[in-house]
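K.L.:
model this:
(chains A and B)
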Amino acid sequence: GDSVTQMEGPVTLSEEAFLTINCTYTATGYPSLFWYVQYPGEGLQLLLKATKADDKGSNKGFEATYRKETTSFHLEKGSVQVSDSAVYFCALSAGPYNTGNQFYFGTGTSLTVIP
Amino acid sequence: EAQVTQNPRYLITVTGKKLTVTCSQNMNHEYMSWYRQDPGLGLRQIYYSMNVEVTDKGDVPEGYKVSRKEKRNFPLILESPSPNQTSLYFCASSLSVAVEQYFGPGTRLTVT
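P.N.:
Residues are numbered from 1 along each chain as shown, chains lettered A, B, ... in the order given. Modelled structure (predicted):
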């Protein structure tokens, strides 16, 4: 079945460091891909999304490109800030041309940014 | 304000005592879903609903029930809670399964 595998954490970075969180997926057809962020004590918020191959989602300095050839959707940010400390989840759902009805989330990657 | 609300936010109960966690959305979304979040396991889908009176099992439905009698509400029912259902629960909604979901604030349930 469909699934998402993301990089284990926790990840600790210094402020202004480069961030990469790896995410790969298994799915039939053409799923939609998402990154969600969860700040302490809160629900999940959409960070960015991509719905077809080679799409690049971006938001708040974060980027991820939908790579069908490598079935990946890695999250990157060029210069992290303390306020980026959170848990990040990669997720997939049925795309416009799929027939699945479920969302699948990765296990989450905890990021701590130290000043 | 567009939002998904859940109640209660925190609940401590005993094994076997039936409970209901409510979920409501004001965005006229058709798709609604329940998840549980456990350390090291991420979010796992319990049940989802494509529309009123249409519900289906997710990956971990055992011990849970849901209903969707109105579009805005999607309660999660634990008929006989057990300690292994201690978890953080999230309700979410979206226009359809293919687009981003909006999450509630979560309900932390402890079953002793």
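
K.L.:
Contacts for the helix or strand bottoming out on mean pLDDT in chain A, please.
P.N.:
Every helix and strand of chain A was ranked by mean pLDDT, DSSP states H and E. The lowest is strand A:103-105, at a mean of 89. The contact list for strand A:103-105, computed with C-beta atoms under 8 Å, 6 or more residues apart in numbering or on different chains, reads A:2-4, A:25, A:36, A:89-93, B:33, B:35, B:42-45, B:48, B:92, B:97, B:101. C-betas here are computed from N, CA, C, even on glycine.

K.L.:
Write the PyMOL selection for whichever of these are buried.
P.N.:
Here is the PyMOL command that selects the buried residues among these (16 or more other C-beta atoms under 10 Å in any protein chain shown):
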select buried, (chain A and resi 2+4+25+36+89+90+91+92+93) or (chain B and resi 33+35+42+43+44+45+48+92+97+101)
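
K.L.:
quick one: which of the contacts of strand A:103-105 sit in strands?
P.N.:
A:3-4, A:25, A:36, A:89-93, B:33, B:35, B:42-45, B:48, B:92 (DSSP state E).

K.L.:
What count of nearby residues applies to A:Ser82?
P.N.:
Wrong residue type there; residue A:82 is Val, not Ser. 11 (other C-beta atoms under 10 Å in any protein chain shown).

K.L.:
helix or strand for the residue nearest to it when sequence neighbours are not counted, which one?
P.N.:
The shortest distance from A:Val82 to any non-neighbouring residue, by C-beta to C-beta, 6 or more residues apart in numbering or on different chains, is to A:Val113 (5.0 Å). For A:Val113, the element it lies in under DSSP states H and E is strand A:109-114.

K.L.:
and that strand, average pLDDT?
P.N.:
For strand A:109-114, the mean pLDDT works out to 96.

K.L.:
Please identify the buried residues of that strand?
P.N.:
Neighbour counts over strand A:109-114 (16+ other C-beta under 10 Å) mark A:109, A:111, A:113 as buried.

K.L.:
Stretch A:47-61 now?
P.N.:
Quick answer for stretch A:47-61 (16+ other C-beta under 10 Å): A:47-51, A:57.
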